[in-house]
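In: pasting the sequence and the predicted coordinates here, then a few questions.
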Amino acid sequence: MKLNELIPNPGSKRPRKRVGQGHGAGQGKTAGRGTKGQNARSGEGGHLYRQGGNLPFYRRLPFMRGEGFTPPHQVIYNEINLEQLERFPAGSEITPEVLKEANLLHKPAQPVVILGRGEAAAKWTVKVHRVTKGARAKIEAAGGKIELIA
């Protein structure tokens, strides 16, 4: 079998009906559209939101101001600054569980990010989901370690 030998199945293709070619053709004059009215005219046949005299649905709804769209899969982090970690002693391991016990997390189910405001006062081992560049530099400069949680 070659490409030039391929043919469609019998009955699957039909010629296009040529309407409006005179009354002897069977579909002449009004071309099967009836007489007059919105559906007999050319064009789309009315506005997309037109609802036959009812107030359109989009006008029944209240205004949506601002952006109007919240990304469904955005990640919202618990933000912790270095100055909030100053209460922990040197050599301590800082994890989301430890931060939860210290009441530093707004929503404990969400991941944690360490931000760079403040100074790394001691040598910590920080195990969180994300760390900013500035915070990473300050923690490592103080001799601490950072481990990212997947």
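Out: The structure has been received and is ready for your questions.

In: so which residues of the protein form helices?
Out: Here the chain has its helices, by DSSP state H, at 57-60, 96-101, 133-141.

In: the first one: how far from the chain's middle?
Out: Which is helix 57-60. 24 Å (Cα atoms, centre = their mean, to the nearest Å).

In: can I get that helix in PDB, CA atoms only?
Out: Extracted in PDB, the C-alpha atoms of helix 57-60 (Å, rounded to 0.1, in the frame of the first residue of the first chain):
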ATOM      1  CA  PHE A  57     -25.700  36.500  32.700                       C
ATOM      2  CA  TYR A  58     -22.500  38.500  32.700                       C
ATOM      3  CA  ARG A  59     -24.400  41.700  33.600                       C
ATOM      4  CA  ARG A  60     -26.300  40.000  36.500                       C
END
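
In: what lies in contact with that helix?
Out: By Cβ atoms under 8 Å, 6 or more residues apart in numbering, the residues outside helix 57-60 that reach it are 49, 51. In short, each C-beta sits where N, CA and C put it, glycine included.

In: with mean neighbour count, distance to residue 40 and mean pLDDT added, can I get the helices of the chain in CSV?
Out: Formatted as CSV, the helices of the chain follow (neighbours: other Cβ atoms under 10 Å; distance: least, Cβ to Cβ, whole Å; pLDDT from 0 to 100):
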stretch, mean neighbour count, distance to residue 40, mean pLDDT
helix 57-60, 9, 27, 86
helix 96-101, 15, 68, 92
helix 133-141, 16, 68, 93
